[in-house]
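Q: turn this into a structure:
(chains A, B and C)
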Amino acid sequence: MEPDNINLDELGCELHELIARLYPIHRCISGDGVRETLAILNEHVPVEVHEVPSGTQVLDWTVPREWNVRDAYIKDADGRRLVDYRRSNLHVVQYSRPLRRVVSWDELEQHLHTLDEHPDWIPYRTAYYSDTWGFCLSRRQYDELKNRAGRPFEVRIDATLQDGSLTYGEIYLPGESRDEVLISAHVCHPSMANDNLSGLAVAAYLAKHLSTRRRRYSYRFVFAPGTIGAITWLSRNERNVGRVKHGLVLALLGDEGNTTYKRSRRGNAQIDRAVEHVLAHSGSDYSTVDFTPFGYDQRQFCSPGFDLPMGCLMRSANGHFPQYHTSADDLDLVKPASLADSWSKCLSVIELLENNRVYRNLSPKGEPQLGRRGLYELSASRQDGAVLQQAVLWVLNFADGSRTLLEIAERASLGFAVIREAAELLIRHDLLAPCEKTAAQENLSATTPCLHASPSSG
Amino acid sequence: MEPDNINLDELGCELHELIARLYPIHRCISGDGVRETLAILNEHVPVEVHEVPSGTQVLDWTVPREWNVRDAYIKDADGRRLVDYRRSNLHVVQYSRPLRRVVSWDELEQHLHTLDEHPDWIPYRTAYYSDTWGFCLSRRQYDELKNRAGRPFEVRIDATLQDGSLTYGEIYLPGESRDEVLISAHVCHPSMANDNLSGLAVAAYLAKHLSTRRRRYSYRFVFAPGTIGAITWLSRNERNVGRVKHGLVLALLGDEGNTTYKRSRRGNAQIDRAVEHVLAHSGSDYSTVDFTPFGYDQRQFCSPGFDLPMGCLMRSANGHFPQYHTSADDLDLVKPASLADSWSKCLSVIELLENNRVYRNLSPKGEPQLGRRGLYELSASRQDGAVLQQAVLWVLNFADGSRTLLEIAERASLGFAVIREAAELLIRHDLLAPCEKTAAQENLSATTPCLHASPSSG
Amino acid sequence: MEPDNINLDELGCELHELIARLYPIHRCISGDGVRETLAILNEHVPVEVHEVPSGTQVLDWTVPREWNVRDAYIKDADGRRLVDYRRSNLHVVQYSRPLRRVVSWDELEQHLHTLDEHPDWIPYRTAYYSDTWGFCLSRRQYDELKNRAGRPFEVRIDATLQDGSLTYGEIYLPGESRDEVLISAHVCHPSMANDNLSGLAVAAYLAKHLSTRRRRYSYRFVFAPGTIGAITWLSRNERNVGRVKHGLVLALLGDEGNTTYKRSRRGNAQIDRAVEHVLAHSGSDYSTVDFTPFGYDQRQFCSPGFDLPMGCLMRSANGHFPQYHTSADDLDLVKPASLADSWSKCLSVIELLENNRVYRNLSPKGEPQLGRRGLYELSASRQDGAVLQQAVLWVLNFADGSRTLLEIAERASLGFAVIREAAELLIRHDLLAPCEKTAAQENLSATTPCLHASPSSG
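A: Below is the predicted model:
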């Protein structure tokens, strides 16, 4: 896989356009909004859609009934729609039961949710797996309703909650190896742009890009509803999940915050080191945090029975920016430049994984004579030649069959790209060869030696 | 073992009263003072008294002759007792040989010990295993003697040093397992309150408390003279000492200083991690220091031939407070509140050890559906419900048969108590089960996997 | 090996005198200058001289033709020698091809090397393995030539470049064991004092000193040209290089900078810990840096096919002082006191290695009774008795067959010398015995247990 000349400005705009197109759709953990979303993604890259019937047992869970909303509102006694689903699908508490009632203010008030700190924002609330109903509204709307508290309100949730199916999408790009990189983004949030559309858009464009490239690994992209969708996917793929050698959960990739990486449960998996290396050499500030069993679908993929080597890449982390889970997570919050930057970092991680092999110096006793091979005056050959010259020496010295290129880059405090270039230069001069069965493929730690006999001084 | 509603104020007063009763007794490494002390402890909890005859070979040592003092003094030429054993048993250098002599000032001066920095305090000195004699006195008494230097002095040490026995006490509380927790306090110091009466009192009250409780471990309390007593006990228990899985040497537990913990020789034994966890979550400042082969009887228990996993719990460490080994280590130095706090910390450590098992999540693939079990809205159920909710998720994720609850608490940065409560909740819902042979019982490190097959994704 | 009463002032002067005698000689990677240098070293300690013919294949390299210079100059049109080899052998680029030409300024200028920041200094340049020529000169000389740019110059390099041999010297001092300590210093630099004469002088005086002493290890000193010389030596000693258990590359040992130690590729070899211990207890500031595959002949000895446990000891590191590789690296730069201090530190490292055995406490259960052996009142016996007393207890506690004395010294934060003295005291009292096959001999890590069964409590 070779680096490309991607125009990141253009890419950022395309990502933002895709998000803008997906934004109005009312997604939930089931229902037509998910199908519509996957259909749009399918226009960019072929998505295989899976439907799993309500009632299906999935691990410890059961696929719930399907929920779809046609309309919902709160009208005052004069018939005015003071809260109107047609203006925001966040107004209805997700998975509210169908309803048509006239209610007093006292009763209605029990079912209203607002954000007092942000009087113009509508919060996002869910009521999965509980037989209830509710409305989310801005504080200003709430005050308007309260002003009419003396008279009854008409409340309508024109929804269906019935047997149907849970929908998820999958893209599988076979590579030279059946070992997989799994990339997951949740697809269950209504009109919010950063959470989860940014993740979907970046993932879809990664898939689109990778589909045209030579791939060492196979790539699997999963667009499934949060929690129940990940559990459903895991349940149906239990036998093959061992093929997942590296993975990322993508979410919240469009805001202007610094990148945040949450490590896998293992904490030192190759994906963890790869992401941290890319971020450390990105030139931007970033944070890394240890795995916790909270947050996005890492909690399913990293449950102890699976323990997949998957981290979570975000910009501002969930719960750590004010617009999180509100109507203010809108198309203004996500920026083309941030989206393109997130995509680019993901691709750098993938390029690292693709190229992170274990090599062996074929002339390990003393330095080989670089001069007669034209490898000694690299510093004169181009602007960053001095760094490449150093990289050549680092690779020669540490490519002893026990270290991945990433480990050599870490040891040398050099970027992966120049170490990889040095390795390719040495391969071309027959000074380096890959170990057939690499530690990288096995996700082994740095201390596990390659199966190849290491050269010894006898 | 359940936490109790202990009135710590009352307990502190009882501990201080016990110390006050033991304070006047003249203890030494042998003699009737030890027997009298053990007899008083026996009033609180049954103490088995062992007598080991002088001349008995114990490891590399020999039990010495028994030493008892009836009286001792220095009289001036007018017959006035300027230094009088009846006023403080610290006046005589411990194990001084019996003596009745008239001596000049020049000779006497060679046998006097004072503390120049503290003119009113009497130092504590010993002369075990050497045939000599001496007096300890305040600087003021010294000056008074010196004023009479022109005339002879009468010196009397009315003591016996003859074959007898070394005495130590033992309390054994059998538990479900023969694996033992060993708690040791030395019993050889004369009238000093912190060193060693605080340790004896706290240990005796721990034994009293544990005697009424269900115990997973067996508990053994040893009250023996420092060094020779520990060596004697080790010599006589050499075959069974492998049962000791955890242990503490208790000393200096009554002053107002912060708690100090000195780690076992192993440095990362379960007792070390347990004590450090309890101290870190105690809300008070504390210190931990690495093992050194100096100080209390850890140096015997942690000698390389035994290497028992035993730490030492103190408040101000030995040698690190001015009253150490002087007459100012008196009943004012030790405070009821400090004594009760020390006792309480010891009990927390014991409760941690009792409950520190290795568990296995019985539904390890994905999260189990907590909602239908009433385990998802714990944050609403009580004030600290949100922490309990987190603890439930931490335990589910990390109880994979390879980690103790303490290791999970450390990983989660939560207190042991809430992690344990989460585990119990999960056990009641059939989501968690103990591993039969636990790492805890074997004192294994975190990296040693449980013998149970860990769940895998296949 | 016992410490000696060395007069370091005298030694420093002798080292400086030796350097002053070697300074005028024109050394290069081959040629008579190396032979002359080895002949002078041979006056101090017998040096075996090896000649390896040009064309010999050595690992990936070929021994080059031999280069010798009789004369070289640049004359102006009036026949004046403006640049004169007889005044400095740095003037000619090393391995320049023989030459006698009249050239214009424009052509000449392409072959001149100066240091603009230091107008009076002549730089040091080499052209090994490339068919070219050049002159190094001060900026002032350059300006003088340029002033005569209108007229032609006569350029002469009266040198021979023809089949001959590469020369290196070796000193082998057999010890009780065939396990070796390898000490290497390069011998290929012309008139520069710190680089490399300081290393040669210190190494020769170490050899001289060790030749008169009892040696546990065998010692091998190699004085070879940089890179090609080390490669030649490795090639000819490939089968026996596994005997090298510890090693040092010596260079730049005479300037007034702090000592710098560059670790072996292994990073935690016994030599690394030994040098760092000596430096940490030296009372002077120092630096340690991790191995990089650049710099002196460590890059050959630590190439992955050999990976010898060899570090590099310097004062100011190569490239880190302005006089490096210039005519200002002269007899003023190197100081007798620095030379003697470097020699002394090397000797301390050697003494540590010689005495760094693994011992076993023969009375490991409890402390042995030190009092009856006269080992308990060491603090009274001499000024630093208290430290020796502590050292005795540290050795007794940690000499369990799994740790070297160095590891005990590190654990105790005490100097190696007092730990070693304590060990010797305990051996004399039959309380300690060496393990026959020591971890030290095998260069094993701290965590590898001795083959001896460790005492256990049963």
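
Q: and A:Trp105, how far from chain B?
A: From A:Trp105 across to chain B, the span is 25 Å (CB to the nearest CB, to the nearest Å). Placement of C-beta: from N, CA and C, glycine included.

Q: do I have it right that that residue meets A:Phe153?
A: Yes. Using CB atoms under 8 Å, A:Trp105 makes contact with A:Phe153 at a distance of 7.1 Å.

Q: my guess is A:Leu137 contacts A:Asp84. True?
A: No. Using CB under 8 Å, A:Leu137 is not in contact with A:Asp84; the gap is 10.0 Å.

Q: and the helices in the stretch 101-250 of chain A?
A: Using DSSP state H, counting those that start in this stretch, the helices of the stretch 101-250 of chain A run over residues A:105-109, A:139-147, A:199-211, A:228-236.

Q: sorry, wrong one. I was asking about the stretch 251-400 of chain A.
A: Counting by DSSP H, counting those that start in this stretch, the stretch 251-400 of chain A has helices at residues A:270-280, A:298-301, A:336-355, A:378-381, A:385-398.

Q: please name whichever of these is nearest to A:Arg21.
A: helix A:336-355 (13.9 Å; CB to CB).

Q: got the angle between the closest one and helix A:199-211?
A: When axes from the mean of the first three to the mean of the last three CA atoms, to 10 degrees is applied, the directions of helix A:336-355 and helix A:199-211 differ by 50 degrees.

Q: let me see the domain layout of chain A.
A: A:8-64+A:165-355, A:66-162, A:358-442 (automatic domain parsing).

Q: what mean pLDDT does the longest one get?
A: If you average the pLDDT over domain A:8-64+A:165-355, you get 98.

Q: is chain B contacted by it?
A: Yes. Contact of domain A:8-64+A:165-355 with chain B (CB under 8 Å from any CB of the partner chain) involves A:59-61, A:227, A:230-231, A:234-235, A:238-239, A:241-242, A:265, A:292-294, A:299-300, A:302-308.

Q: what is the burial count for the residue of the stretch 301-450 of chain A found nearest chain B?
A: Chain B sits closest to A:Gly305 of the stretch 301-450 of chain A, with a gap of 3.2 Å, by CB to the nearest CB. Residues contacting A:Gly305 under the criterion other CB atoms under 10 Å in any protein chain shown number 19.

Q: B:Lys365 is in contact with that one, correct?
A: Yes. Under the criterion of CB under 8 Å, A:Gly305 makes contact with B:Lys365 at 3.5 Å.

Q: check contacts around the spatially most central residue of chain A.
A: Geometric centre of chain A, nearest residue: A:Leu250, 1.1 Å, by CA atoms, centre = their mean. Going by CB atoms under 8 Å, 6 or more residues apart in numbering or on different chains, A:Leu250 touches A:183-185, A:199, A:202-203, A:312-313, A:342, A:346.

Q: also A:Phe416?
A: A:277-278, A:281, A:352, A:355-356, A:405-406, A:409.

Q: what's the ChimeraX line that selects buried ones from those residues?
A: Command for ChimeraX that selects the buried part of these, burial taken from 16 or more other CB atoms under 10 Å in any protein chain shown:
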select /A:277,278,352,355,356,405,406,409
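
Q: redo the contacts of A:Phe416 as JSON lines? Include distance to A:Leu331.
A: Below are the contacts of A:Phe416 laid out as JSON lines (distance: CB to CB, whole Å):
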{"residue": "A:His277", "distance to A:Leu331": "33"}
{"residue": "A:Val278", "distance to A:Leu331": "28"}
{"residue": "A:His281", "distance to A:Leu331": "31"}
{"residue": "A:Leu352", "distance to A:Leu331": "32"}
{"residue": "A:Asn355", "distance to A:Leu331": "36"}
{"residue": "A:Asn356", "distance to A:Leu331": "37"}
{"residue": "A:Leu405", "distance to A:Leu331": "40"}
{"residue": "A:Leu406", "distance to A:Leu331": "37"}
{"residue": "A:Ala409", "distance to A:Leu331": "38"}
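
Q: ok, A:Leu137 and A:Asp84, which is more surrounded?
A: A:Leu137 (26 against 16).

Q: not counting its neighbours along the chain, what's nearest the more buried one?
A: Sequence neighbours aside, A:Val83 is the residue nearest to A:Leu137 in space, at 5.1 Å (criterion: CB to CB, 6 or more residues apart in numbering or on different chains).

Q: where's that neighbour, which helix or strand?
A: Using DSSP states H and E, A:Val83 sits in strand A:81-84.

Q: what is the burial count for the residue nearest to A:Leu137?
A: A:Val83, neighbours per other CB under 10 Å, totals 25.
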